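Asks: sequence and predicted model, in that order:
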Amino acid sequence: METFPVETRERTEVVDVTGLVEGAVRNSGVHEGAAVVQTPHTTTAVVINEREGRLMQDLLDWAARMAPDGAGYRHDGIDGNAHAHLRGIMMGASVSVPVTEGRLALGTWQSVLFVELDGPRSRRLNVQVLGD
Ligand code: ZN
């Protein structure tokens, strides 16, 4: 498994990590298999979608509508970030992408996106490439 550092700069932010995942696939030498991409943090997410600036803001705005900050959550009594945990749960902590002919089988408009929901922080991204 490879672990990559991801430095986020905003409270909420979308970071395109497709290049990191492609690098892990290259380093693995795997031609046919899959890449599992996972965040080890509970207030971040990993999703696949189109990296378009306005859509990225729409994603963050949508998450904020679904899980507003400070809506009386019990967990806020501990560290005040229940909204970020819940947004992370909605989006998911991992994705898997098929690898074929040594490349990620992403669609033309697809990117692998790391979503910061309680930044800025020093984060990590795990990529495990399986196959042969
Ligand atoms: Zn928390």
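Replies: The structure has been received and is ready for your questions.
Asks: from now on I want contacts and neighbour counts done on CA atoms only, so please keep to that.
Replies: Noted.
Asks: beyond the helix ranked longest in the chain, next helix or strand please.
Replies: Identified as the longest helix of the chain according to DSSP state H is helix 53-66. Remark: after helix 53-66, the chain's next helix or strand is helix 82-91, criterion DSSP states H and E.
Asks: helices or strands next to that next one in the packing?
Replies: Helix 82-91 sits against strand 44-49, helix 53-66, with contacts defined as 3 or more Cα pairs under 8 Å, 6 or more residues apart in numbering; DSSP states H and E.
Asks: from the rest of the structure, what touches the last one?
Replies: Okay, so that is helix 53-66. With Cα atoms under 8 Å, 6 or more residues apart in numbering as the test, helix 53-66 has contacts from T12, E13, V14, H83, R87.
Asks: what angle separates that helix from helix 82-91?
Replies: Using axes from the mean of the first three to the mean of the last three Cα atoms, to 10 degrees, the direction of helix 53-66 lies 120 degrees away from that of helix 82-91.
Asks: CA atoms of stretch 23-30 as CSV?
Replies: Extracted in CSV, the C-alpha atoms of stretch 23-30 (Å, rounded to 0.1, in the frame of the first residue of the first chain):
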residue,chain,number,x,y,z
GLY,A,23,1.2,7.1,-9.8
ALA,A,24,0.4,4.3,-7.3
VAL,A,25,-0.8,2.2,-10.2
ARG,A,26,2.4,2.9,-12.2
ASN,A,27,4.6,2.1,-9.2
SER,A,28,2.7,-1.2,-8.6
GLY,A,29,3.4,-2.6,-12.0
VAL,A,30,-0.2,-4.0,-12.0
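Asks: number of residues surrounding L106?
Replies: When neighbours are defined as other Cα atoms under 10 Å, L106 has 15 of them.
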